[in-house]
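**Student:** return a 3D structure for these sequence lines:
(one chain, ligands or ions: 3)
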Amino acid sequence: MRTLVVDHPLVAHKLTVLRDKNTPSPVFRQLAEELVTLLAYEATREVRTEPVTIETPITATVGTAFTKPTPLVVPILRAGLGMLEGMVKLVPTAEVGFLGMARDEETLDIVTYAERLPEDLTGRQVFVLDPMLATGGTLSEAIKFLFRRGASDVTCICLLAAPEGLARLEAGLGDANVKIVLASIDERLNEKAYIVPGLGDAGDRLYGLAK
Ligand SMILES: O=P(O)(O)OC[C@H]1O[C@H](OP(=O)(O)OP(=O)(O)O)[C@H](O)[C@@H]1O
Ligand SMILES: O=c1cc[nH]c(=O)[nH]1
Ligand SMILES: [Mg+2]
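**Tutor:** Ligands and ions are numbered 1, 2, ... in the order given. Next comes the predicted model:
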């Protein structure tokens, strides 16, 4: 597993405003969209592409080849949805699947309550979107789900991670082809397994409702 923390003044500034408890949901949603675009630029450095040839207004003959990215993007509902728009704006040729996963706040167990993914992901390159990597339970379940379906290359784009969650994923994944791209590795988890300093509950911040 590889981890990349994107170190950039624009990312740092937007993340600071996102953390501010006084930032209302509409601004929070806008910033999440902008941040995922900045992170996705780095996260897609190795995106697989298909050759496409075109005719330019200048060339009389076809033959200028450019390449079309064809990843599968999987936002983890609810909070992952806040990252979908920014990702598909940057990669309009991506295919999108969905996983609905919720963490039981008592047991921290992960419940998968929705899934809309191709049955066979053999050889697919998948980009998972979830703003928070806390205990790592959600992403661990999501990655296992995707590998079970045959995916071979998974990149997770998250905003914040706790060191504990990264360690858990590292322990469980070993040398699997998984990359985590982040805006920040925060200090720790608190007794409720929330990221400190963090930004609160991402789903609630995005959508205003308690889940
Ligand atoms: O690393 P973990 O300990 O699994 O915690 C991270 C998960 O917790 C939050 O989801 P939540 O279960 O609150 O659902 P929501 O996205 O609908 O708010 C967040 O959106 C992550 O998916
Ligand atoms: O800090 C956290 C931890 C888990 N899920 C969140 O949304 N925020
Ligand atoms: Mg979630």
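**Student:** centre of the chain versus the biggest helix by length in the chain, how much separation?
**Tutor:** Of all the segments of type helix in the chain, defined by DSSP state H, the longest one is helix 25-43. Distance, stretch centre to chain centre, for helix 25-43: 10 Å (Cα atoms, centre = their mean, to the nearest Å).
**Student:** output the contacting helices and strands for it.
**Tutor:** helix 9-19, helix 84-90, strand 125-129, strand 153-157, strand 178-182, helix 202-207 (3 or more Cβ pairs under 8 Å, 6 or more residues apart in numbering; DSSP states H and E). Where you see a C-beta, it was placed from the backbone N, CA and C, and this is true even at glycine.
**Student:** close to ligand 1, is that helix?
**Tutor:** No: shown here: helix 25-43 not in contact with ligand 1 (Cβ under 6 Å from any ligand atom), separated by at least 11.2 Å.
**Student:** following element in sequence after that helix, please.
**Tutor:** Sequence-wise, the next helix or strand downstream of helix 25-43 (DSSP states H and E) is strand 49-54.
**Student:** partner strands of that next one, with direction?
**Tutor:** Sheet pairing of strand 49-54 (DSSP bridges) gives strand 64-69 (antiparallel).
**Student:** buried residues in the longest helix of the chain, which are they?
**Tutor:** 28-33, 35-40, 42-43 (16 or more other Cβ atoms under 10 Å).
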